[in-house]
Every structure is written in C-alpha cells, then in structure tokens.
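K.L.:
Sharing a model that was predicted from the sequence below.
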Amino acid sequence: MNASSRAKLVSFVLGALLLAAAAVVWAKWPTLSKPITWQRQVIPGHLSDSHRFLENNCASCHTPVKGVEVGKCVVCHANNESLLQRQPTAFHASIGSCRECHTEHQGETANLRRMNHGALAKIGLREPEHSTSADASRNNLIAWLKDRSVDSTTDRGASGLSAHEALLNCASCHSNQDRHFKLFGQNCSQCHTADKWTIPEFRHPSASSTDCAQCHQAPPSHYMEHFQMVSVVVAERPHANVSQCQLCHQTTSWNDIKGVGWYKHH
C-alpha cells in the first residue's frame with residue numbers, strides 16, 4: 001500500500017470515528033443540554049431534605065456573582081406565620097439576612113435551624129459598621145470587638161459568651177422563658193451561656209433551706225382545691241401551706257416528694 005492509499009485509509013477511519021462520536025453526542029443531547037449536568041459538577045454538597053426539590057435549579061437561591069440573597073429566601077418564607085408570631089423567633093421579620101445561620105449543602109439530614117448567636121450579633125452590627133456617622137460610641141464598640149478577636153472559639157469572657165454574643169439582649173427573645181419571673185433582672189449572661197440554659201457551676205442552697213419562695217413560684221394547682229385534696233395528702237403534710245415548699249419537696253427536683261419519691265401529678 002503506497003503512501004497515498006494509507007493517507008486515504010487514515011482519513012476514512014478518522015471520519016468514521018468522528019461520525020460515531022457525533023452520533024453518541026446527538027443521542028445524549030437531551031440529557032447533556034439540561035442544566036442538571038453542569039450544576040451537579042459544581043454543587044458543593046446535597047441540599048437538605050426540605051430544599052431538595054430545588055437541587056436542579058441553582059438560580060432559585062443563588063444570584064450570579066452575588067451568591068445567596070435574602071430576597072430569594074423571603075419569596076418562600078415570608079408568610080411563615082408560626083415563625084413570625086412566636087416571641088423567640090419574631091426577629092426574623094427584620095433580620096435582613098439568612099445565610100449566616102441557615103447554611104445549605106450540608107447533606108439531606110442537615111439541621112438548618114441550629115442557633116448561632118454570634119452570627120446573629122454580627123448581622124446586627126452591620127448597620128453601625130457600615131454607617132458614615134462619626135459617633136464615638138459606635139467607633140469604640142467596633143474597635144473593642146476587633147481587639148477581642150471574637151472569631152476565636154476560645155476567646156470567651158467569664159460568662160462563657162464571646163464578645164459578640166455578649167452584645168445581644170437575651171430578654172428580647174427569651175423573656176417568655178424566664179423561670180426567674182424577672183427577679184434576677186434581664187442580664188442573663190451573668191449566669192447563662194448562649195448554647196444552653198443549664199449552669200454547671202450552680203449550687204442549690206442547702207436542702208434545709210426554708211426560703212424556696214425567693215426563687216420559686218408554686219404552680220397554679222397549689223392555689224386551687226387540688227392542693228388540699230391531692231398534694232398535701234400524697235405528701236402526708238395535711239397542715240402545710242403553699243409557702244412551705246420544704247415540707248413536701250426535695251431540692252433534687254420538684255417531683256421528688258419527701259417520703260414518697262418521684263411523683264408527678266400535675
């Protein structure tokens with residue numbers, strides 16, 4: 001086979017291969033042309049179960065160059081009355097940002113409702129940080145926060161709160177959960193951290209204390225006939241009155257009744 005014949009054969013084989021490749025592309029074109037293909041190549045992780053129906057439509061949440069914008073979250077969540085009418089979550093009506101706390105692409109079982117008090121405080125500080133005002137207190141606050149290196153999880157004050165978390169007004173969201181009935185004021189961070197209500201360092205007064213009413217309030221049933229008909233009968237303290245908590249209750253728990261043990265009748 002001379003050189004001319006070999007060149008023709010090579011051209012024929014290459015042409016056949018190109019036609020075969022074109023046929024494959026043509027057959028697969030309906031799939032290749034769908035947005036789902038390129039989106040799957042860049043997706044950082046699966047969406048949560050509640051947002052999974054948006055997995056093939058990045059533009060429903062993301063704006064090119066800008067990323068996730070609050071307006072696109074509001075389109076779906078603006079009418080969430082159960083969220084906006086509850087005192088602990090009513091702040092969502094004016095927060096103006098979502099992605100700092102509700103981070104997606106963490107998998108189908110991800111919990112998007114984990115509370116991040118530090119992020120919430122930073123969102124609230126954006127207005128003074130971006131303000132053109134020369135207010136001295138604003139400048140001092142921003143300088144103090146920067147000096148504290150509050151992004152470090154180890155940089156926390158005596159209360160266990162970061163500098164950002166300590167700026168929050170706990171009572172604005174949690175006043176309905178105040179078991180102290182405002183007797184201890186509204187500076188919750190004196191005792192509580194931002195991740196749980198319990199206080200490991202707390203030591204209850206002596207079991208022989210008779211001043212329970214200084215901190216505790218009896219349930220409504222104790223001011224009704226239920227108290228005389230059931231409570232004092234179970235505890236075998238027929239002459240006890242509502243203010244004498246120590247006669248019936250143990251300091252381990254309200255339901256730990258002296259001489260009876262664990263008893264829940266409310």
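P.N.:
It's in. Numbers count the residues shown, from 1 in each chain.
K.L.:
From one end of stretch 182-197 to the other, what's the distance?
P.N.:
Start-to-end span of stretch 182-197 (Cα to Cα, to the nearest Å) is 15 Å.
K.L.:
buried residues in it?
P.N.:
By neighbour count with 16 or more other Cβ atoms under 10 Å, stretch 182-197 contains the buried residues Cys188, Ser189, His192, Thr193, Ala194. In short, each C-beta sits where N, CA and C put it, glycine included.
K.L.:
In strands only, show me those residues.
P.N.:
Using DSSP state E, no member of the buried residues of stretch 182-197 falls within strands.
K.L.:
can you give me the strands for the chain?
P.N.:
62-63, 67-68, 256-257, 261-262.
K.L.:
I'd like the ones you listed laid out as a markdown table, including mean pLDDT, mean neighbour count and distance to Glu55.
P.N.:
As requested, the strands of the chain are arranged in a markdown table below (pLDDT from 0 to 100; neighbours: other Cβ atoms under 10 Å; distance: least, Cβ to Cβ, whole Å):
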| stretch | mean pLDDT | mean neighbour count | distance to Glu55 |
| --- | --- | --- | --- |
| strand 62-63 | 91 | 12 | 12 |
| strand 67-68 | 90 | 12 | 15 |
| strand 256-257 | 90 | 17 | 51 |
| strand 261-262 | 90 | 10 | 49 |
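K.L.:
Spatially, what comes nearest to Gln87 if we skip its sequence neighbours?
P.N.:
Leaving out its chain neighbours, the residue that sits closest to Gln87 by Cβ to Cβ, 6 or more residues apart in numbering is Asn176, at 5.0 Å.
K.L.:
burial measure for the one you found, as a count.
P.N.:
Residues near Asn176, counting by other Cβ atoms under 10 Å, number 9.
K.L.:
The residue nearest to Ser48 when sequence neighbours are not counted - how many residues pack around it?
P.N.:
Spatial nearest neighbour of Ser48, chain neighbours left out: Ala110 (4.8 Å); criterion: Cβ to Cβ, 6+ apart. A count of neighbours around Ala110, defined by other Cβ under 10 Å, yields 19.
K.L.:
next one: His216
P.N.:
15.
K.L.:
my guess is it meets Cys245, correct?
P.N.:
Yes: counting by Cβ atoms under 8 Å, His216 touches Cys245, with 6.6 Å between them.
K.L.:
measure Ser48 to Thr103 for me?
P.N.:
Ser48 sits 10 Å away from Thr103, going by Cβ to Cβ, to the nearest Å.
K.L.:
same question, Val242
P.N.:
When distance is defined by Cβ to Cβ, Val242 is 49 Å away from Thr103.
K.L.:
and what of Ile123?
P.N.:
From Ile123 to Thr103 the distance is 14 Å (Cβ to Cβ).
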